[in-house]
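# for reference, the sequence and a predicted model appear below.
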Amino acid sequence: MDSVASYAIALLFALLMHGLLILLIGWKWSEETTVVANIDPYYIEATIVSQNPFKAKRETENDKRQKKIRQRRFEEAEINNLQRDWDRKQQRQKQQAAMTAPLFEATMPEQLTDYSAADPINEPVDKEASRLEFEQELALALLGEENARKAVTDDEKAMAYAAQIKREIVQNWSRPPSARNGMEVILRVHLVPTGEIVDVKVEESSGNRAFDRSAVQAVRKSSRFVVPADALKFERDFRIFTVLFRPDDLRL
């Protein structure tokens, strides 16, 4: 009887264990065969563009053009101011001359008469000297770093400096009596970066020593020329250059 009870308990326990095992196996299989699809939401990222790049480029170009226009107007105003100052200066000199002229006429009329007879072209010479002086001052203003009108190319800038050098030499030159049409002398001029003249040599003589000497003296009288501050431009165009003198012309 006891053996039958023990066998029944063992059988029941075995059945219970098998049932539990089947239950566990069935639960794991269900869990492993379950497919979970995690669908992430799809977002479209939108960036707010605060400024149209093409519009910004156009505005930048317009700003540059407007800046150039303002600079050009400023430079023209500076030149006009220089012209007005010069005119006022000449006007004051004329007024002072008009005020003092009666006094001279009353005190020494003979001297004035003799002076005018001795130099009948004195007044035109003074006017010409004033004109040349104004041209020189205007050229110096144009060549200044702040007030200069910017040339488009380096060649144009070099031509502006060369024109100023030519004007200075022309003012210094005294034509010798022996000068004749057809004569010409070529000089080679050496400068230092400050514009000072260190040497003037006759490259090709005219055959007339007086004419050659007058040309050399005209260059040396300047002692110093206005030259570009840029070292490369100076070395290229003004360290050593030639001057062609003619009795009826002067070419640089």
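Received the coordinates, thanks. Residues are numbered from 1 along each chain as shown.

# rest of the way, CA atoms for contacts and neighbours
OK.

# this protein: helices as residue ranges?
With DSSP state H as the criterion, the chain has helices at 2-33, 53-107, 109-118, 122-143, 154-172, 209-222, 231-237.

# the shortest one - contacts with which helices or strands?
To tie it back to what came earlier, the one meant is helix 231-237. helix 154-172 (3 or more Cα pairs under 8 Å, 6 or more residues apart in numbering; DSSP states H and E).

# now do the helix it packs on against helix 209-222, angle only.
Angle of helix 154-172 versus helix 209-222, following axes from the mean of the first three to the mean of the last three Cα atoms, to 10 degrees, is 110 degrees.

# just the buried residues of helix 154-172, please?
Within helix 154-172, the residues scored as buried using 16 or more other Cα atoms under 10 Å are 157-158, 160-162, 164-170, 172.

# turn those residues into JSON lines, including pLDDT and distance to residue 204.
Below are the buried residues of helix 154-172 laid out as JSON lines (pLDDT from 0 to 100; distance: Cα to Cα, whole Å):
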{"residue": "157", "pLDDT": "78", "distance to residue 204": "28"}
{"residue": "158", "pLDDT": "82", "distance to residue 204": "24"}
{"residue": "160", "pLDDT": "83", "distance to residue 204": "26"}
{"residue": "161", "pLDDT": "85", "distance to residue 204": "24"}
{"residue": "162", "pLDDT": "86", "distance to residue 204": "20"}
{"residue": "164", "pLDDT": "87", "distance to residue 204": "23"}
{"residue": "165", "pLDDT": "88", "distance to residue 204": "20"}
{"residue": "166", "pLDDT": "86", "distance to residue 204": "19"}
{"residue": "167", "pLDDT": "87", "distance to residue 204": "22"}
{"residue": "168", "pLDDT": "88", "distance to residue 204": "22"}
{"residue": "169", "pLDDT": "87", "distance to residue 204": "18"}
{"residue": "170", "pLDDT": "84", "distance to residue 204": "19"}
{"residue": "172", "pLDDT": "88", "distance to residue 204": "21"}
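
# tell me the one of these nearest residue 182?
Proximity of the buried residues of helix 154-172 to residue 182 (Cα to Cα) peaks at residue 170, which lies at 17.8 Å.

# if I read this right, that closest one contacts residue 218, doesn't it?
Yes - using Cα atoms under 8 Å, residue 170 is in contact with residue 218, at 7.5 Å.

# so what's in contact with these two at the same time?
Residues touching both residue 170 and residue 218 (Cα atoms under 8 Å, 6 or more residues apart in numbering): there are none.

# looking at the buried residues of helix 154-172, which is nearest residue 231?
Closest approach between the buried residues of helix 154-172 and residue 231, by Cα to Cα: residue 158, at 12.8 Å.

# quick check: closest non-adjacent residue to the closest one.
The spatial neighbour of residue 158 that comes closest, neighbours along the chain excluded (Cα to Cα, 6 or more residues apart in numbering), is residue 237 at 7.0 Å.

# mind giving me the domain split of this protein?
By the assignment in automatic domain parsing, the chain contains the domains 75-150, 176-252.

# on that earlier part again, could the buried residues of helix 154-172 go into a markdown table alongside distance to residue 63?
As requested, the buried residues of helix 154-172 are exported to a markdown table (distance: Cα to Cα, whole Å):
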| residue | distance to residue 63 |
| --- | --- |
| 157 | 26 |
| 158 | 30 |
| 160 | 29 |
| 161 | 31 |
| 162 | 34 |
| 164 | 34 |
| 165 | 37 |
| 166 | 39 |
| 167 | 39 |
| 168 | 40 |
| 169 | 43 |
| 170 | 44 |
| 172 | 47 |
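
# out of the residues you listed, the closest to residue 68 would be?
Within these, the smallest distance to residue 68 is 18.2 Å, found for residue 157 (Cα to Cα).

# OK, contacts around residue 197?
Residues near residue 197 by Cα under 8 Å, 6+ apart: 189, 190, 191, 220, 223, 224, 225.
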